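> sequence-free structure coming up:
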């Protein structure tokens, strides 16, 4: 580990604890954004600001043209859940245990990684001041990632960076990878199925049409039939489907419901389109209706009107398209080479969960790579933590990677 990283280790740990202590659930990231912006300003970057949706951005511009790299993480975390499950730690105390782990909500997903990317900016600014730097380095911490709609990331890529006349050649995500290199993920879409009926008093159910009963063949299809026909992928593994919620309306206990709605979590593969996934259900509805003329149903991708902490609003769909970055891509090979130079031997892996890489890679066609020292097994759990040693290894890793890609000489520090 280079001497400068050892010298700033206490600062990195302290700042990581500071940001874990700030509850920043989706839509409530404002306080955290201000703290991160203040730290970026302390680094005396070429630019640092909060954009219209609430994303935090820092920029280091090189002396010459070269690769523009975007370091990306998110500001928001999922709720802590039942506080009793966190015993003996408080989810927002950021305590350090005897094994050098910092505990708390967001430690793994992904404030430990975000802190490392932020201090990578500090190291690179120092390196730039002592030599010639080709290309640019951008830090970004976006809002609303956990909501799984690419809300903040879309604004960053399609509005903020173009407005600032900043391009992007490569993205590094600091989602949990356990010091491995991640090159893709399955797609995810939240499909909504609604069945229709007619209300009646529950004491005379035959006078109505029970929308819950009409949903029964759809439930059977998802749980018993659809699973058997899902595609697999040699890199991304198996597709999956499950039902995560069921709601009946009006919901009065003495009424037959005239509407039933289910939410379907569908993980899908490259080569499949969302429209194809919806068509599967439309075909099912036609088959059911042959035996049940009263059957009425609709299917669609869930849409929500999201509002960031700055007041920016937009209707968004709940989906993440699948993506893969080619292992043989020059940027991937340089990343692996840079990590091996410092003694790390990462595996190539692929995430099971969704990330904002769906925006950068699948929709923007920007090569995207995942790398961090946080671990997926702790994400969203009441045992969430980040190991300090792995954090520092990832900081050294990022420093080596960026130096390799921007043709810098790390020994200048």
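Looks like it came in fine. These figures come from a predicted structure and were not determined experimentally.

> any idea how far residue 74 is from the closest residue to residue 22 other than its chain neighbours?
In space, and not counting its chain neighbours, residue 22 is closest to residue 32: 4.7 Å by C-beta to C-beta, 6 or more residues apart in numbering. All C-beta atoms are positioned from the backbone trio N, CA, C, and that covers glycine. Distance, residue 32 to residue 74, by C-beta to C-beta, to the nearest Å: 10 Å.

> Between the two, tell me which one has more neighbours.
Neighbour comparison, residue 32 and residue 74: the larger count goes to residue 74, with 30 against 27 (by other C-beta atoms under 10 Å).

> Give me the phi and psi for the nearest residue to that one once chain neighbours are set aside.
Using C-beta to C-beta, 6+ apart and skipping the chain neighbours, the partner closest in space to residue 74 is residue 145 (3.4 Å). Residue 145 adopts backbone torsions of phi -70, psi -40, taken as degrees, to the nearest 10.

> what's the neighbour count on residue 29?
Neighbour count of residue 29, defined by other C-beta under 10 Å: 29.

> That one: what's it in contact with?
Each residue near residue 29 by C-beta atoms under 8 Å, 6 or more residues apart in numbering is listed here: 54, 75, 76, 143, 308, 309.

> which SS class is the first one?
Three states are possible here, and by DSSP: H, G, I helix; E, B strand; the rest coil the one that applies to residue 54 is coil.

> can you pull the contacts of it?
29, 30, 33, 75, 143, 152, 308, 309, 310, 312.

> Run through this protein and note the low-pLDDT ranges.
For the chain, the stretches with pLDDT under 70 are 1, 410-413.

> So the most centrally placed residue in it, which state does it fall into?
Nearest residue to the geometric centre of the chain (C-alpha atoms, centre = their mean): residue 355, 3.1 Å. When classified by three-state DSSP, residue 355 comes out as coil.

> Name the nearest residue to it, ignoring sequence neighbours.
Counting by C-beta to C-beta, 6+ apart, the residue nearest residue 355 is residue 175, at 5.1 Å.

> ok, now residue 249?
residue 259 (4.3 Å).

> could you list every residue that touches the one you found?
194, 195, 196, 197, 211, 248, 249, 250.

> Count residues in the vicinity of residue 229, would you?
Residue 229, neighbours per other C-beta under 10 Å, totals 9.

> let me fix that: residue 44
When neighbours are counted by other C-beta under 10 Å, residue 44 registers 11.

> do residue 180 as well
As a burial measure, residue 180 scores 19 neighbours (other C-beta under 10 Å).

> Break the protein down into its domains, please.
3-185+322-412, 187-305 (automatic domain parsing).

> Of those, flag the one that's most buried.
Of all the domains of the chain, domain 3-185+322-412 has the most neighbours on average by mean count of other C-beta atoms under 10 Å, namely a mean of 20.

> returning to what we had before: among the contacts of residue 54, which one sits closest to residue 158?
For the contacts of residue 54, the residue nearest residue 158 by C-beta to C-beta is residue 152; the value is 11.3 Å.

> In terms of helices and strands, where is that closest one?
For residue 152, the element it lies in under DSSP states H and E is helix 151-155.

> Let me see the ranges of the helices in this protein.
Residue ranges of the helices in the chain, as given by DSSP state H, are 3-20, 30-42, 112-129, 151-155, 161-163, 211-220, 274-291, 330-341, 357, 388-405.

> Including distance to residue 59, could those helices go into TSV?
Formatted as TSV, those follow (distance: least, C-beta to C-beta, whole Å):
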stretch	distance to residue 59
helix 3-20	20
helix 30-42	9
helix 112-129	9
helix 151-155	17
helix 161-163	10
helix 211-220	50
helix 274-291	34
helix 330-341	20
helix 357	21
helix 388-405	14
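
> Of these, which is nearest residue 86?
Evaluated with C-beta to C-beta, these place helix 3-20 nearest to residue 86, the distance being 12.6 Å.

> neighbouring contacts of the closest one?
Residues from elsewhere that reach helix 3-20 (C-beta under 8 Å, 6+ apart): 32, 35-36, 39, 92, 94, 96, 102, 104-107, 111-112, 114-116, 118-119, 122-123, 126, 386, 388, 391-392, 395-396, 399, 413.

> Try it again at 6 Å.
Helix 3-20 has contacts (C-beta atoms under 6 Å, 6 or more residues apart in numbering) with 94, 104, 106-107, 111-112, 115, 119, 388, 392, 395-396, 413.

> Quick check: the farthest pair among those residues?
104 and 413 (30.7 Å).

> Could you report the distance from residue 263 to residue 245?
To residue 245, residue 263 is 4 Å away according to C-beta to C-beta.

> Can you name the residues bridging to residue 266?
Counting by DSSP bridges, residue 266 forms beta bridges with residue 189, residue 241.

> right, and it touches residue 189 too?
Yes. The criterion here is C-beta atoms under 6 Å, and residue 266 meets it with residue 189 at 5.2 Å.

> and residue 408, what does it touch?
By C-beta under 6 Å, 6+ apart, the neighbours of residue 408 are residue 127.

> what separates it from residue 60, distance-wise?
11 Å.

> Now do the contacts for residue 105.
77, 80, 91, 384.

> run the last query once more with 7 Å
With contact taken as C-beta atoms under 7 Å, 6 or more residues apart in numbering, residue 105 is in contact with 77, 80, 91, 92, 384.
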